[in-house]
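[1] Here is a sequence together with a model predicted from it:
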Amino acid sequence: MLEKFLDKIIVFLIKKLNIYHCYIKNKYYKTESRYQFLTPNDKAENIEEYSIALENALNEIKVRNIAISGSYGSGKSSFIKTFEKNHENGVYEFLDISLARFNKKNEDNNSIDSSLIEKSILEQMFYKVKSNKIPQSRLNKINRLDHLSIKIINILLSLLSFFIVFKPEYLSNITLLKDILELFQLESY
């Protein structure tokens with residue numbers, strides 16, 4: 001029973017370490033890929049005219065709504081990300097909101113229910129603001145518990161370290177741990 005539990009812990013820790021490794025690798029070791037990904041980037045080309053038009057619209061007090069439209073993959077998100085990157089001087093504040101899909105149709109005329117769009121916009125705005133900034137709101141927000149997972153991982157690593165150093169005989173039957181111990185040449189205990 002203890003062996004199965006420890007085996008599950010080790011598998012969990014290895015998965016978390018792999019995720020962390022991929023994060024570090026992508027963040028600090030930029031490698032050129034031979035593939036072109038279709039995700040938005042901040043290096044859109046030939047957007048000068050669009051940038052000027054957007055900047056003029058943002059600076060015009062009478063303009064209340066701005067829409068950027070185009071077919072899938074035409075570069076709308078890349079244009080916006082590039083515009084944000086080129087205007088990081090603090091003149092504008094940016095808030096990313098996605099209106100990707102609305103499948104529910106209004107029963108009367110088969111059009112998209114605008115209340116769903118409004119709800120989606122408000123939810124995205126609400127969840128990007130810290131709870132203490134809106135103390136009298138009737139909406140309740142679930143706070144992230146990222147620090148809790150870090151504490152749990154630290155406790156599990158401490159337990160694992162204790163068993164490796166002081167009680168390796170408990171871990172000797174766990175095959176995955178055996179491989180790890182061999183890798184670090186700690187099996188001689």
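    Perfect, thanks for sending it.

[2] Quick check: the residue positioned nearest the centre of the chain vs Phe126, distance?
    Nearest residue to the geometric centre of the chain (C-alpha atoms, centre = their mean): Tyr23, 10.9 Å. For Tyr23, the distance to Phe126 equals 27 Å [C-beta to C-beta, to the nearest Å]. Quick note: C-beta positions are derived from backbone N, CA and C, even for glycine.

[3] same thing with Ala67?
    Going from Ala67 to Phe126 by C-beta to C-beta gives 22 Å.

[4] and these two? which has more neighbours close in?
    Using other C-beta atoms under 10 Å, the more surrounded residue of Ala67 and Phe126 is Phe126, with 13 against 4.

[5] how far does the one helix or strand the more buried one maps to sit from the chain's center?
    Per DSSP states H and E: Phe126 is located in helix 114-127. Centre-to-centre, helix 114-127 and its host chain are 19 Å apart (C-alpha atoms, centre = their mean, to the nearest Å).

[6] And for stretch 3-11?
    Taking C-alpha atoms, centre = their mean, the mean C-alpha location of stretch 3-11 is offset from the chain mean by 28 Å.

[7] And the next helix or strand past the longest helix seen in the chain?
    The residue-count maximum for a helix in the chain (DSSP state H) belongs to helix 2-28. Using DSSP H and E, the helix or strand that follows helix 2-28 towards the C-terminus is helix 48-59.

[8] So what touches that following helix?
    With C-beta atoms under 8 Å, 6 or more residues apart in numbering as the contact definition, helix 48-59 has outside contacts at Val63, Ile66, Ile68, Phe79, Thr82, Phe83, Asn86, His87, Tyr92.
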